[in-house]
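A.B. asks: Sequence plus the predicted model coming up.
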Amino acid sequence: MERGKFNMLVDAFAGSSGKAKMYCYLTEKYRPEILCSTNTPNAGHTYRQGNDIFIAKILPSGAYMSKLHKNYSPIIQIGPTAIFTLEQFAKELDQCNITTPIHIHPRAGVVTKAHKLREETDLNGPKSIASTCQGSGTFLSDKILRKPNLRLARDYDELASHINPNMVYQLHEHLKEGKTAFHEVSQGIGLDINHGIEYPYCTSRSTNSLQAISDMAPPLNKIGDIYLNIHSTPIRVGNIIENGNEIGNSGPGYPDQKELTWQEVGENAQMPQEEIDKLYSQQLTTVTKRLRRVFTFSWKGLMDSVRISSATKLMINFVQYIDWGSYKAKNWSGLTHQTQAFIHHIERKTGLPVVLIGTGPDNDDIIDLE
């Protein structure tokens, strides 16, 4: 991570690649002075270490490190395209033991039950593409249309102590002083409304590093590392099934992908059957609790994500789904030959270094090559 610069972490493919694991690890390692995000309710970022679990839907997931390390108190910025509920915001402040004001841009959004209901009941809308139906797209459409009754973050008394209209100025000043910023981009590039796998099977906005720059407006001469996080077996959110009928399909994979079952993933990786059985509960999405769809690796999706993100460094998660023999490996020599070959091939194809390798569910199940 480049000191004194605005660094970012982006997910390849359709997200759910264990981004929070990598973001929290790097936050703990480098202790950047500024953590920022523009998350929305349709994405949950999970930190896990044993039974200690934190799910971030608003705050950068690394904010949890301030609870684990009493001497670490980063400045936390929530940008103007963030959307959240007041209840979840209060919950995350409590979970992270944050007592100082979080900096929220006045034009960030507060999603209401009415926004969520409009998505859940419109079969010709987001539900038809298996959206998480959390109200994010509906809120965003109201904001774009400048609905006169729409309330932004600046309009809620509960958030008054956190509203910061000088966020961009302060970010520039912090970087000028040599402070380091680390931005967590939500979802994945495959879900980008303009650059994703396929429209309309996408989210309601752009989910790449350039969008993060547009959101937070850092000085362009202060852009640091752009980490791209990669899932070894890319996923899509599960389809919506009601009364035995599919009423919402989350869309195709990349052209070079084949859809698999989790049983096939486990068998291909030579996982014990008891571990394969666990996948059907472990692979429920954070927000909807629907079983994720899973696909073979996409080299087209990888190269698209590298180009669109302008990635400088790569991270690979869930390598145990390539070969179970690499499960919870702690160093390069602990990886199987098959896993090492897969990683080397990614580096040759992209010309970029793989700096972090995720080998299990916990935050410390990481091989650090950086």
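C.D. replies: Great, that's in hand.
A.B. asks: so how far is the helix or strand hosting Ile343 from its chain's centroid?
C.D. replies: Using DSSP states H and E, Ile343 maps to helix 337-350. Remark: helix 337-350 is offset 23 Å from the chain centroid, using CA atoms, centre = their mean, to the nearest Å.
A.B. asks: in that helix, what counts as buried?
C.D. replies: Thr339, Gln340, Phe342, Ile343, Ile346, Thr350 (16 or more other CB atoms under 10 Å). Where you see a C-beta, it was placed from the backbone N, CA and C, and this is true even at glycine.
A.B. asks: Same list (these) but as TSV, adding distance to Asn239 and pLDDT.
C.D. replies: Output for the buried residues of helix 337-350, formatted as TSV (distance: CB to CB, whole Å; pLDDT from 0 to 100):
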residue	distance to Asn239	pLDDT
Thr339	30	98
Gln340	35	98
Phe342	28	97
Ile343	31	98
Ile346	29	98
Thr350	31	98
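A.B. asks: and Ile76, that's in a strand?
C.D. replies: Yes - assessed by DSSP: H, G, I helix; E, B strand; the rest coil, Ile76 belongs to a strand.
A.B. asks: Tell me the bridge partners for it.
C.D. replies: In this structure, Ile76 bridges to Leu35 when assessed by DSSP bridges.
A.B. asks: what about the closest residue to Met315 other than its chain neighbours, how many neighbours?
C.D. replies: For Met315, ignoring the flanking residues on the chain, the nearest one in space by CB to CB, 6 or more residues apart in numbering is Leu356 at 4.1 Å. When neighbours are counted by other CB atoms under 10 Å, Leu356 registers 21.
A.B. asks: who does Leu356 bridge with?
C.D. replies: Bridge pairing for Leu356 - DSSP bridges - gives Met315, Asp368.
A.B. asks: so how far is Trp299 from it?
C.D. replies: Distance, Leu356 to Trp299, using CB to CB, to the nearest Å: 20 Å.
A.B. asks: quick revisit: specify which member of the buried residues of helix 337-350 is nearest to Glu274.
C.D. replies: Of all these, Glu274 sits closest to Thr339, with 21.4 Å by CB to CB.
A.B. asks: which residues sit in contact with the closest one?
C.D. replies: Val319, Ile322, Asp323, Gly325, Ser326 (CB atoms under 8 Å, 6 or more residues apart in numbering).
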